Structure formats: structure tokens, C-alpha cells
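# everything below, folded, please.
(2 chains)
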Amino acid sequence: MTKKLAVLGLTPFALYILLFLAIPSALAITTGFFDKAGAFTLDNVGALFSPQILQTFLSSFWVSGVTAVIGAVVGALVCYALLGTRPDGTLRSTVNSAASVLAQFGGVMLAFAFIATIGVQGVITVWLKDAGLDIYGNGVWLYQVPGLLLPYLYFQVPLMVITFMPALEGLKPQWAEANSSLGGSRFTYWVRIAGPILLPSFLGSLLLLFANAFSSYATAAALISQGSQIVPLQIRSALISETVLGRANMAGALAFGMIVVMVVLMFGYSLLQSRTARWQR
Amino acid sequence: MSGARVDARGAATRGRTAEPRVGAAPSRLTRTIILSVVGLVFAIPIVAMIQFTFRDGLSGSYTLGHWTGLADPAVNTKYAPLVTALGNSGVLVVVTVLLVLVLLLPTMVLVELRFPRLRRVLEFVCIVPITVPAIVLVVGLVPVYSVVVKVAGSSIWSLGFAYGVTVLPYAYRAIQANLGTVDVITLSEAARSLGAGWATVLFRVILPNLRRGMLAAAFISVAVVLGEFTIASLLNRVNLQTALVLISKSDPYVAVIFSLLALGFAFVLLLLIGRLSTVGAGRTHRPRRPSDAGNVALPVAAGSLSPATVVLPAAVLPAPGAVPPVPAAERANR
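Numbering: from 1, shown residues only, chains lettered A, B, ... in the order given. From the prediction side, this is the model:
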């Protein structure tokens, strides 16, 4: 096989990537900088800072932040509970498989599950009502931004289990032994040894969870059929109606805003990852 | 000295002895409490879905009618659109898996054999779809697809091109985890020196060694495509998920039943991926490149990316220059 032929072999994939990844990504990021006539403008991107759009970004940050923090803490607890079990044992592999599946379980089907659980006629709703507690006493919040929290947690916790477990597994028994032979307690072990070692990895996973919730669309779209309370839903309205703030190409500006956030998050993640790696050799 | 160490380690691994525990592991009681509470809470929505399918309207009584109705010709005209959508999703699954096996796989093998310096570039390209989530990508796909429709018509299969991109990170990781444990260069040189042509090298030497990675990549692609909603809905195409939303408005029971079935199917697929990654993991030899080894047993994690929610799996993520989550040496030693 000559070099020329080999290079030729790369072209189909390169073409495919160009057409369906590079061009769409470039279009998504840049259309926000042009107006309907195709002239360069900063209007759309400037409109990102209008109170209305800022509010959706804030809501998105709020949902992502809350679910990332709770998801990270609960997920880390599950990882901690799995410590000391055999890595190839039944318990570990069951939890692993379940976490992979549940982290997958997003979108429309997840929305259905929560409507069946805490919808107006949901199992838990009815059950609590019979017990004298009306969770919708102040109006139905499942189809509003706060309603996203529980469904999002349903995929955030499993994602944390998947991403954080390797870091916990990397804790060497020798460190615990050294701690105890030097007179340390389990408290000092966690606070002075395991804690600092795990921190970058924990924060990295936290960023990952944040990015995950921030970019998630389908669950919210299935639950909230009207309106544009978070950024992905705002993109939906911009794509469907083109009337967001009465501007064309607003979807492009919003996409640009999301990409900026995602790139910052992913950059932070990879920094923290390389820091984590120090202890995993 | 050494006796004390053995004791300490024994206590740490057993974790239930009366002696003070040394290691990081929790006590058996703590473990049981955490896992059962979280497990129970996570079981509730699934149980609620199942219970929902047996409800008889709002009457409070239960019926098998929603399940038996699936086979009733009078009722099943109602979910005819769902059957069409299932067909569409089937076509998309085939197109996407073909893209992975015909486009991505040969490129990865070629890069491994002839362009080792492009490995980083390829990895970067394949991981980009994580930073560019579906909801952003779709903004750029709208104009692209207005051209695609002109060229290829509006039939459903062309949507597979977009899905090929969304499954890229998972498929890449799944194949790479396998590729990293197989020394394709030595294998192909050996085959070549014995007189094999390139086709023989590829089809009879390299690909059989990559069977596990190929299967895992195909399965994860199936799971992702079946769950995809964002792109299809915003490009006004019909697939399983968009049809589920539509039908849930007229018959929520059928929608939930089909969701449960799809979920069960995805569960089985992902369990199979888990099996694939553990079977044979024991006999993989020490990998050449440490950076690949960490992911050997991780295609399950790679499967975590949610189709619709864009859940980011650990195994997919390490950016170029970052290291895999599990230390290579650790895995290799086990």
C-alpha cells in the first residue's frame, strides 16, 4: 500500500467529518454573528446580555449547579459504599451496569417516568396526598424549571458513580496503612490524605455533571412543552419561531453562548483530570 | 513488622472485623444503608412506570387492558404511527452502525498502522461532539440538512449521517479500548511477511481481533440512536422518541409501555457490552500504550452517554493530553 493510497483511505472519513461535524459546528457558532441579510453584526450576540436571555442562562446554571452538586455528593457516597467490595464481584458489576443504563436513561422516557411518579396523578403524588401532603399545593411545578431537578438527578447520580469510581479505586491501601501506623485515625485519613487526593477528581466530576445538565435538552423538552425557561429550550423556540426578541439567527447566538460555557467547563475538566492523574500512576 | 502489616491489610479488605478499620472502606452497615436507600429511591420511577401501565384510567382500579390492547387490531391502529417510527429508528440504527463500521473503524485501523501521529487528531475529532452537544449541533445541522434534502431527498435514512456524529465518542472509545490491546502493527507486519495482501491482513488478521470492540461500538450506537430525540425533533423527522411524545398526548399508556420496552432493550444491550468488556479482559496481554489500557474494561462506562440527555461518560471524556480515569499500571497489574 503506497503512502498516496493510504492518504486516500483517510479521505472518506475526513469528508464525512467535514460535512456533518465541522461545517455544522462552524455554522452553529458563527450564524449568530450575521443578520438575516448575511451582513456581520454583533446585535445577536449582544442580545445574549438582554435581561430575558440572561435569565434563561441563570436558570440553566441554577438547574445544572444544583443537580451537579447533589448528584456529585450522592454519587460519591455510592462510590464510597462500594469501596472494599471486590471489583469483579456481583455487587460492583450490578451497580456498574445499573449506573451505565440509568445515566443513559434520559430524555422522553425519563420524563414519562417522572410524570408517572410525581405527575399530578403520579404514584407518589397520590400516595402523599392520601397521607395528607399535597406536593402541588402551590401549583404544579413538575412542568416548570424546579421540576427538572429530580429527573436530572436521576441521570446525574449514575454519571457521578461512573466517573468518580475510578478515582476512589485509585486510593492505595498502603496510604491507609501508613496513616494508621503513624498513629492517624480514620478521620485524619479522610481529611488529610484521601480528601486532598480525591478533591481534583471530585471537582472534575462536578464540572462534568454541570456540563451534562447544562447541555441536556430532551428531558426538558418533553416535560416543558411550552416556553423557553432554560437555554436549550430557548434554542428550540428560536429555531421554531425565529421570534426570540424579534431577531433572526438568535439560535446561532444562543448556540455560541452555550459553546463558550461548554468549552470553559471542558477546559476546567481536563485541567483537573491531569491534576488527578498525578496520584494515579 | 510485616505481621502487623498483614493484619492491617486483612482488616481493611474484610472491613467487618471488630478491630478498628484501617482502610478507606466503609463498614458493612454503612454500605448496606447507603446502597439500599439510593437503590430504593432509584427504583421508584421505574416501578411507577410499570404501575402506570396497569392503571384503569383514573378509576383507581387496575387492568391488563393496556398490555393486551397491544395485540388488539381495533386498538392498534392508534399506535400505527409508532410502528412507522420504530421502522424509521430501525433504518437509522442500520445506517449509523454501517457508518461506524465502514467509515470510522477502517480509518482508526489505518491511522494506527500508517499515521500514528494522527492518533491524537483523530481522538480529538471523535470527542468534539461532547463539547458540541446535540442541541448546539442541530443549529448548524438545519442549514446542512436543507441541502441534504435537496440532494438525497427527505427519506429518513439521511438523518443517520447526523447520528453517526453523535455516536462518534462512544464508538471511538469502544473500538479504541480494543485496538489498544491488539498490536496491529506487529500483526500486520507478520501477516505481510508471510505473503498476505492488505485485504487478507485487514479481514483475516486485524478485524477478527477487533471483534469485541466492533460489537461494543455497534451496541452502544444502537442504544444511542434508539434514544435520540433532540436532532430528530428539531429537524422535524419522525423517530421512536418523537413518536412517543406525540402518542403520549393521545394514549399515554401505550407511550409508557413502549418506553418500558425500549428501556428494557437498551438495558440488555448495555449489559451485553458489559459482558463483552469483561469476557476476554482477563486474557488481554499487557497493552503497548499505557494510555489505552485504562479503558480496557470501560466500554460500559463509555455506554453511559445518554442519547437524549447527553450524559458524558468518563471513558469518553479525557481530553487530548488528559489521562484516562483509571491508571494504566493499576489495571495491568490486576
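
# show me the shaky parts of the stretch 1-150 of chain A.
Per-residue confidence for the stretch 1-150 of chain A (pLDDT under 70) gives these ranges: A:1.

# which residues in chain A form helices?
When assigned using DSSP state H, the helices of chain A occupy the ranges A:3-17, A:23-30, A:43-47, A:51-82, A:90-104, A:108-118, A:123-130, A:149-169, A:173-181, A:186-188, A:195-214, A:218-223, A:231-241, A:250-277.

# format the ones you listed as a markdown table; extra columns: mean neighbour count and distance to B:T181.
Placement of C-beta: from N, CA and C, glycine included. Formatted as a markdown table, the helices of chain A follow (neighbours: other C-beta atoms under 10 Å in any protein chain shown; distance: least, C-beta to C-beta, whole Å):
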| stretch | mean neighbour count | distance to B:T181 |
| --- | --- | --- |
| helix A:3-17 | 14 | 23 |
| helix A:23-30 | 19 | 32 |
| helix A:43-47 | 18 | 46 |
| helix A:51-82 | 20 | 26 |
| helix A:90-104 | 21 | 20 |
| helix A:108-118 | 26 | 34 |
| helix A:123-130 | 15 | 46 |
| helix A:149-169 | 26 | 18 |
| helix A:173-181 | 17 | 27 |
| helix A:186-188 | 13 | 38 |
| helix A:195-214 | 23 | 25 |
| helix A:218-223 | 26 | 35 |
| helix A:231-241 | 22 | 38 |
| helix A:250-277 | 21 | 21 |
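
# now distance to chain B too, for the ones you listed, in TSV please.
Putting the helices of chain A into TSV (distance: least, C-beta to the nearest C-beta, whole Å) gives the following:
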stretch	distance to chain B
helix A:3-17	4
helix A:23-30	3
helix A:43-47	12
helix A:51-82	4
helix A:90-104	4
helix A:108-118	4
helix A:123-130	4
helix A:149-169	4
helix A:173-181	4
helix A:186-188	7
helix A:195-214	5
helix A:218-223	3
helix A:231-241	4
helix A:250-277	4
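
# now distance to A:Y136 too, for those, in JSON lines please.
Conversion of the helices of chain A to JSON lines gives the following (distance: least, C-beta to C-beta, whole Å):
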{"stretch": "helix A:3-17", "distance to A:Y136": "48"}
{"stretch": "helix A:23-30", "distance to A:Y136": "38"}
{"stretch": "helix A:43-47", "distance to A:Y136": "35"}
{"stretch": "helix A:51-82", "distance to A:Y136": "20"}
{"stretch": "helix A:90-104", "distance to A:Y136": "26"}
{"stretch": "helix A:108-118", "distance to A:Y136": "9"}
{"stretch": "helix A:123-130", "distance to A:Y136": "7"}
{"stretch": "helix A:149-169", "distance to A:Y136": "14"}
{"stretch": "helix A:173-181", "distance to A:Y136": "48"}
{"stretch": "helix A:186-188", "distance to A:Y136": "43"}
{"stretch": "helix A:195-214", "distance to A:Y136": "24"}
{"stretch": "helix A:218-223", "distance to A:Y136": "15"}
{"stretch": "helix A:231-241", "distance to A:Y136": "22"}
{"stretch": "helix A:250-277", "distance to A:Y136": "31"}
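
# quick check: A:V69 touching A:L206?
Yes - using C-beta atoms under 8 Å, A:V69 makes contact with A:L206 at a distance of 7.0 Å.

# and stretch A:15-32, how far from the chain's centre?
Its chain's average C-alpha position is 23 Å from that of stretch A:15-32, according to C-alpha atoms, centre = their mean, to the nearest Å.

# for it, give me every contacting residue.
Outside stretch A:15-32, the residues within contact range by C-beta atoms under 8 Å, 6 or more residues apart in numbering or on different chains are A:44-45, A:249-256, A:259, B:99, B:103, B:125, B:128-129, B:132, B:136-141, B:143-144, B:161-162, B:164-165, B:168.

# pull the CA atoms of that stretch into PDB?
Taking only C-alpha atoms (Å, rounded to 0.1, in the frame of the first residue of the first chain), the coordinates of stretch A:15-32 have been written out as PDB:
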ATOM      1  CA  LEU A  15     -15.100  14.300   4.200                       C
ATOM      2  CA  TYR A  16     -17.800  12.900   6.400                       C
ATOM      3  CA  ILE A  17     -16.400  14.800   9.400                       C
ATOM      4  CA  LEU A  18     -16.200  18.000   7.400                       C
ATOM      5  CA  LEU A  19     -19.700  17.800   6.200                       C
ATOM      6  CA  PHE A  20     -21.500  16.600   9.300                       C
ATOM      7  CA  LEU A  21     -19.300  17.800  12.200                       C
ATOM      8  CA  ALA A  22     -17.100  20.600  11.100                       C
ATOM      9  CA  ILE A  23     -19.500  22.600   9.000                       C
ATOM     10  CA  PRO A  24     -22.500  22.200  11.300                       C
ATOM     11  CA  SER A  25     -20.400  23.200  14.300                       C
ATOM     12  CA  ALA A  26     -18.900  26.200  12.500                       C
ATOM     13  CA  LEU A  27     -22.400  27.200  11.300                       C
ATOM     14  CA  ALA A  28     -23.800  26.800  14.700                       C
ATOM     15  CA  ILE A  29     -21.200  29.000  16.300                       C
ATOM     16  CA  THR A  30     -21.000  31.700  13.500                       C
ATOM     17  CA  THR A  31     -24.600  32.200  12.400                       C
ATOM     18  CA  GLY A  32     -25.200  34.300  15.500                       C
END
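
# number of nearby residues for the closest residue to chain A within the stretch 1-150 of chain B?
Ranking the residues of the stretch 1-150 of chain B by distance to chain A (C-beta to the nearest C-beta) places B:A25 first, at 2.7 Å. Neighbouring residues of B:A25 were enumerated by other C-beta atoms under 10 Å in any protein chain shown; the total is 24.

# what do you get for B:T77?
Other residues near B:T77 number 9, with proximity taken as other C-beta under 10 Å.

# can you list the low-confidence ranges for chain B?
Residues of chain B that meet the cut-off, pLDDT under 70, sit at B:1-23, B:58, B:73-76, B:277-334.

# domain ranges for it?
By the assignment in automatic domain parsing, chain B contains the domains B:2-53, B:75-333.
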